[in-house]
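In: sharing a sequence plus its predicted fold:
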Amino acid sequence: MSTAAPYSRELQIAQLAVQRAAILTKRVFHDSAKGTVSKSDASPVTIGDFGAQALIISALKHNFPQDQIVAEEEAAALRSDGALSSQIWDLVKSTSLESSEAEGLLGGSVPDESAMLDLIDLGNSAGGRSGRVWTLDPIDGTKGFLRGGQYAVCLALLEDGDVKVGVIGCPNLPVDDSAPLTADIGSNATDATGRGVLFSAVKGEGATSRPLTVGDLADGKKISMKPITDLASASFCESVEAGHSNQSESAQIAQKLGITNPSVRMDSQAKYGSIARGAGDIYLRLPTSKSYQEKIWDHAGGDLIVREAGGEVTDTKGNRLDFGVGRTLASNSGVIAAPKAVHAKVLDVVQEVLGLK
Ligand SMILES: Nc1ncnc2c1ncn2[C@@H]1O[C@H](COP(=O)(O)O)[C@@H](OP(=O)(O)O)[C@H]1O
Ligand SMILES: [Mg+2]
């Protein structure tokens, strides 16, 4: 008797849902205005964020109607702005996977504009320690998206607070796992020119990468972190935004570790995927304020993908990220992701520089 791999259906639906949403975001990305809704805001949002959230929640509700969803956006702003809402509806109703079989698995299109708004608002779960909870960031790294850089469509499944499935679609990263670590996308941000990668992991089953191609149901390739023995040759990545991670502390940490390569600054969970496939080694996220709480949708998929690729992920105190305390990582502070063999050493220096020991 053959037994299906654990979470195989969840993985397949998550991958297809992320692929379909990524198509929508790419359409917005290639529009020079990029659909910005609130440009001056410290955390901007675009029509792509709302549209991608509606499409993914539609697929989740069709397949897993009992599951909770913790997603970044809510529809309030659209309910009071009919023009904005109909602009998003135009995108949502005209975005589908090429494969009708795959589209069928996702339950097909969203019925109408009002249903679209209701779907967006189904992402309002409080999260928590019990049951099945999906975390969704329709466009992670919105600032990167607006700058024409890296961004990611991120979906993960928590069961009783533990990450079981993680899927991160990075439309502007190269498919090639051996491509050098860079946030630069040049002028060709499309699948056809070899860009667009989908990272996935299932707990206990390893991590994979595959092209972010339309409705492709093929298996991925196993990925793993680069074994490093000499930290001097390591490369580390961090946020582009200095407000999201303390870049002067990370430079001091790198210097103390003997790392000579300059940091690679990249938006979104593309950082987790990049180190998981060995394009880089270490991801540091160092708090810039005591009051900011990291959001679970910004880390759940990346945390599992890095750990399944042979890495360790903790906060600056050395604790595992706790996704079971609500919509935020309220009991954690910062993120240190590195290959297992060197994580303790990196953490030690982080704690020294941050005055935590
Ligand atoms: N002060 C802060 N410290 C850390 N992260 C922050 C922050 N303010 C916003 N963020 C989060 O940083 C995410 C982007 O991460 P990165 O800097 O790695 O690209 C944002 O996701 P969105 O772009 O989805 O809003 C947002 O959730
Ligand atoms: Mg985000």
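Out: Thanks, I have the structure now. Numbering: from 1, shown residues only. Ligands and ions are numbered 1, 2, ... in the order given.
In: who touches stretch 239-250?
Out: Contact partners of stretch 239-250, identified using Cβ atoms under 8 Å, 6 or more residues apart in numbering, comprise 42, 143-144, 147, 149, 183, 236, 238, 263, 265-267, 271, 284-288, 334, 353-354. (C-beta placed from N, C-alpha, C; glycine too.)
In: domains in this protein, as residue ranges please.
Out: 8-223, 231-354 (automatic domain parsing).
In: which of the contacts of stretch 239-250 count as buried?
Out: Buried members of the contacts of stretch 239-250, counted by 16 or more other Cβ atoms under 10 Å: 143-144, 149, 183, 236, 238, 263, 265-267, 271, 284-288, 334, 353-354.
In: strands - which of the residues you listed land there?
Out: Judged by DSSP state E, strands contain the following of the buried ones among the contacts of stretch 239-250: Phe236, Glu238, Arg265, Leu284, Arg285.
In: possible to save those residues as TSV with distance to Ala201 and pLDDT?
Out: Below are those laid out as TSV (distance: Cβ to Cβ, whole Å; pLDDT from 0 to 100):
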residue	distance to Ala201	pLDDT
Phe236	21	95
Glu238	22	98
Arg265	24	97
Leu284	21	98
Arg285	19	98
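In: closest to ligand 2 out of the residues you listed?
Out: Proximity of those to ligand 2 (Cβ to the ion) peaks at Arg285, which lies at 12.1 Å.
In: who does the closest residue to ligand 2 within the stretch 51-200 of the chain bridge with?
Out: Proximity of the stretch 51-200 of the chain to ligand 2 (Cβ to the ion) peaks at Asp140, 3.6 Å away. For Asp140, the beta-bridge assignment (DSSP bridges) gives partners Ala152.
In: make residue 1 into 54 and carry on from there
Out: All set: I'll call the first residue 54, so the last point we hit is now Asp193.
In: contacts only, for it.
Out: By Cβ under 8 Å, 6+ apart, the neighbours of Asp193 are Tyr204, Ala205, Val206, Cys207, Asp320, Ser321, Gln322, Trp350, Asp351.
In: rerun at 7 Å
Out: Tyr204, Ala205, Cys207, Ser321, Gln322, Asp351 (Cβ atoms under 7 Å, 6 or more residues apart in numbering).
In: again, but for Ser138
Out: Leu131, Glu166, Leu170.
In: out of the residues you listed, which is most surrounded?
Out: The most crowded member of the contacts of Ser138, judged by other Cβ atoms under 10 Å, is Leu131 (25 neighbours).
In: shouldn't that residue be in contact with Asp102?
Out: No: when contacts are counted by Cβ atoms under 7 Å, Leu131 is not listed as touching Asp102 (11.0 Å).
In: show me the strands in the stretch 204-353 of the chain, by range?
Out: Secondary structure of the stretch 204-353 of the chain by DSSP state E, counting those that start in this stretch: the strands cover 205-212, 215-227, 248-255, 259-264, 274-276, 289-291, 317-318, 335-338.
In: direction included, what does the fifth one pair up with?
Out: Same thing as strand 274-276. Sheet pairing of strand 274-276 (DSSP bridges) gives strand 259-264 (antiparallel).
In: what's the angle between the partner strand and strand 215-227?
Out: 30 degrees (axes from the mean of the first three to the mean of the last three Cα atoms, to 10 degrees).
In: centre of the chain versus strand 259-264, how much separation?
Out: 14 Å (Cα atoms, centre = their mean, to the nearest Å).
In: again with stretch 213-228
Out: Its chain's average C-alpha position is 5 Å from that of stretch 213-228, according to Cα atoms, centre = their mean.
In: go through that stretch and flag the buried ones.
Out: Within stretch 213-228, the residues that count as buried by 16+ other Cβ under 10 Å are 214, 216-228.
In: what do you get for stretch 182-190?
Out: In terms of neighbour count (16+ other Cβ under 10 Å), stretch 182-190 has its buried residues at Val186, Trp187, Thr188, Leu189, Asp190.
In: interface residues of this structure facing ligand 1?
Out: For the chain, the contact set with ligand 1 under Cβ under 6 Å from any ligand atom comprises 96, 125, 190, 193-195, 197, 292, 294, 296-297, 320-321, 341, 345, 348, 351.
In: make it 5 Å
Out: By Cβ under 5 Å from any ligand atom, the part of the chain that sits against ligand 1 consists of Ser96, Asp193, Gly194, Thr195, Ser292, Glu294, His297, Asp320, Ser321, Tyr345, Lys348, Asp351.
In: mean confidence for stretch 392-410?
Out: Averaging pLDDT along stretch 392-410 yields 97.
In: using PDB, write down the CA coordinates of it.
Out: The C-alpha coordinates for stretch 392-410 follow below in PDB (Å, rounded to 0.1, in the frame of the first residue of the first chain):
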ATOM      1  CA  PRO A 392      23.900  26.700   8.800                       C
ATOM      2  CA  LYS A 393      23.600  24.500  11.900                       C
ATOM      3  CA  ALA A 394      27.400  24.100  12.200                       C
ATOM      4  CA  VAL A 395      28.000  27.800  12.700                       C
ATOM      5  CA  HIS A 396      24.800  29.100  14.200                       C
ATOM      6  CA  ALA A 397      26.100  29.000  17.800                       C
ATOM      7  CA  LYS A 398      29.200  30.900  16.900                       C
ATOM      8  CA  VAL A 399      27.100  33.600  15.000                       C
ATOM      9  CA  LEU A 400      24.700  33.800  17.900                       C
ATOM     10  CA  ASP A 401      27.500  34.300  20.400                       C
ATOM     11  CA  VAL A 402      28.900  37.300  18.500                       C
ATOM     12  CA  VAL A 403      25.400  38.700  17.900                       C
ATOM     13  CA  GLN A 404      24.800  38.600  21.700                       C
ATOM     14  CA  GLU A 405      28.200  40.200  22.400                       C
ATOM     15  CA  VAL A 406      27.600  43.100  20.000                       C
ATOM     16  CA  LEU A 407      24.000  43.600  21.200                       C
ATOM     17  CA  GLY A 408      25.100  43.500  24.900                       C
ATOM     18  CA  LEU A 409      22.900  40.500  25.600                       C
ATOM     19  CA  LYS A 410      25.400  38.400  27.500                       C
END
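In: right, I'll call it a day here.
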